[in-house]
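Undergrad: what's the 3D shape of this:
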Amino acid sequence: MSTTTTTATPAAEKLDFKKVFPIFIIVLIDLLGLTIIIPLLPLYATSFGASASMIGLLGAAYPIMQFVGAPVLGRLSDRFGRKPVLLISQAGTLIGFLVLGFANSLWLLFASRLIDGLSGANIATAQAVISDVTTEKTRTQGLGLMGAAFGLGFVVGPVIAFASLTLSANNYHVPAFIAVGFSAISILLTWFWLEETHGPDKRNTDQARPALGFGAMIEALQHPQVGLLLLLIFAQQVAFGGFEQILALFTLNRLGLNASGNAVIFVFVGIIVVAVQGGLIGQWSRRWGDRRLIYLGLATLMLGLGLTALTPRQPPPWYNTTAVTTELTPSDTGARRLPGETPPTYSLPIQLPSDANKGWLGLGWLLLAMIPASIGGGILQPAINSMITKRVDSGERGGILGISAAFLSGANALAPLIGGAVFQWGGSSAPFWLWTAILGILLFLAMRMIKPGREEL
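TA: This is a model prediction of the structure:
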């Protein structure tokens, strides 16, 4: 009896990579499409003359629709299985990228993000797959691997964006069509490779449980073990989501970085996130537990955003005001210029730095700030979601992760609206100071209010 226990316990604490690997690869390929687009989307909108507030609204379009779609698809994955729901969401992503590739006006940019967001339960459903094939001891590491896929996507995707922009003379349509290709590959991999992890014997057939809307969210918030965690994941994402959405505008204003320059920043962030979520978070979770990881994530993210706000306004040595202005200036008809076409007289909605004070301090400072920001952002979501799944029954995991994704989407919708407005009215550093203050309050509340649960007993 004692020998069996001794050999079984280490196995229960070790992640089964054979079960996790297929969904990791599928999510990585799927996210390559998204991470190709993220660094250039704010600048794409700027090229159509969008202001910081309008760019914030564009950033909110996807999560607003995801807020509606994710809880529905999460419950449907509990009822009908993970695989069909994942395929539906991936198809919506492909259609959204197609619209983005053909976009010749600002409203089509909005349409592409709305379409993608409505079916955007890719990550929530993938997290449910991970929950199905992990134990309570290995779930944080498993969910961390999903974050590592995102981080690796942020390494490879921006490199692809940088190369495609360079080879196409900064034609923003080309990365969108490359994203379509990756989205199609992810659909094929899901169809032919992914095995269903939530079979008919495990599916939730309770028709009384709300699948849609505020009823399910209110019920989840009233759950004594996870309500506070859902509020926390919402509030921290208001800060981190705003940081992600506004960073390209911040670097454009403070350092004069264009889409290619921002792609390099995202590569740097992605490398750190991969290191954290691909390996370190598993060790940290076993050593300290999810609760202390949450404290660490809030503290390091707060530090990183505070340092970002202090970034000196000094563009790098290769910066050229005329070249960046030419790249981002729309024509009189609202369409982007062709390469080599003389730009008309037009005031960019984002003020660029001058050529007079070039150097390495600004870029070096920003890269330094990205280290704690990336570590904190890499820790928080998997740690909070892992704690949530450990405090609900197995039949509720898909639904609760869908609701968690909806709260994240709601935060992602609110964050760029707030960030864009504060950026426009208070200057480029103002949103980062606001988010730093929010994280400080959350750290104080988390340390006082998050109590040990059954996973720590």
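Undergrad: Tell me who's in contact with Leu32.
TA: Leu32 makes contact with Gly153, Val156, Gly157, Ile160, Ala179, Phe182 under the criterion CB atoms under 8 Å, 6 or more residues apart in numbering. C-beta: built from backbone N, CA, C; applies to glycine.
Undergrad: mind redoing it with 7 Å?
TA: Taking CB atoms under 7 Å, 6 or more residues apart in numbering as the criterion, Leu32 is in contact with Gly153, Val156, Gly157, Phe182.
Undergrad: so where does it fall, helix or strand?
TA: Using DSSP states H and E, the element containing Leu32 is helix 17-37.
Undergrad: Could I get the buried residue list for that helix?
TA: Under the neighbour-count criterion of 16 or more other CB atoms under 10 Å, helix 17-37 has 19-20, 22-24, 26-37 buried.
Undergrad: How far does that helix sit from its chain's centre?
TA: Offset of helix 17-37 from its chain centre (CA atoms, centre = their mean, to the nearest Å): 13 Å.
Undergrad: got any ranges where the protein has weak pLDDT?
TA: Residues of the chain meeting the criterion pLDDT under 70: 1-13, 70-71, 120-124, 147, 151, 201-216, 329-349, 394-395, 397-398, 453-457.
Undergrad: please redo it, this time with the cut-off set to 50
TA: 1-9, 206-212, 331-347, 457 (pLDDT under 50).
Undergrad: Reformat the contacts of Leu32 as JSON lines; add neighbour count, secondary structure and distance to Thr140.
TA: Shown next, in JSON lines, are the contacts of Leu32 (neighbours: other CB atoms under 10 Å; DSSP: H, G, I helix; E, B strand; the rest coil; distance: CB to CB, whole Å):
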{"residue": "Gly153", "neighbour count": "27", "secondary structure": "helix", "distance to Thr140": "20"}
{"residue": "Val156", "neighbour count": "19", "secondary structure": "helix", "distance to Thr140": "24"}
{"residue": "Gly157", "neighbour count": "29", "secondary structure": "helix", "distance to Thr140": "25"}
{"residue": "Phe182", "neighbour count": "24", "secondary structure": "helix", "distance to Thr140": "28"}
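Undergrad: Relative to Leu303, which of those residues is nearest.
TA: Using CB to CB, Gly153 comes nearest to Leu303 of the contacts of Leu32, at 24.7 Å.
Undergrad: separation between the nearest residue to Ile400 once chain neighbours are set aside and Ala128?
TA: Of all residues not flanking Ile400 in the chain, Val392 sits nearest, at 5.1 Å (CB to CB, 6 or more residues apart in numbering). From Val392 over to Ala128 the distance is 12 Å, taken as CB to CB, to the nearest Å.
Undergrad: Settle it for me: which of these two has more neighbours?
TA: Shown here are Val392 and Ala128; by other CB atoms under 10 Å, Ala128 has more neighbours (28 against 17).
Undergrad: surely that one meets Leu76?
TA: No. The pair Ala128 / Leu76 is not scored as a contact, 10.8 Å apart, by CB atoms under 7 Å.
Undergrad: hmm, back to that, kindly reformat the contacts of Leu32 as CSV containing distance to Asn253.
TA: Compiled in CSV, the contacts of Leu32 are given as follows (distance: CB to CB, whole Å):
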residue, distance to Asn253
Gly153, 26
Val156, 27
Gly157, 23
Phe182, 30
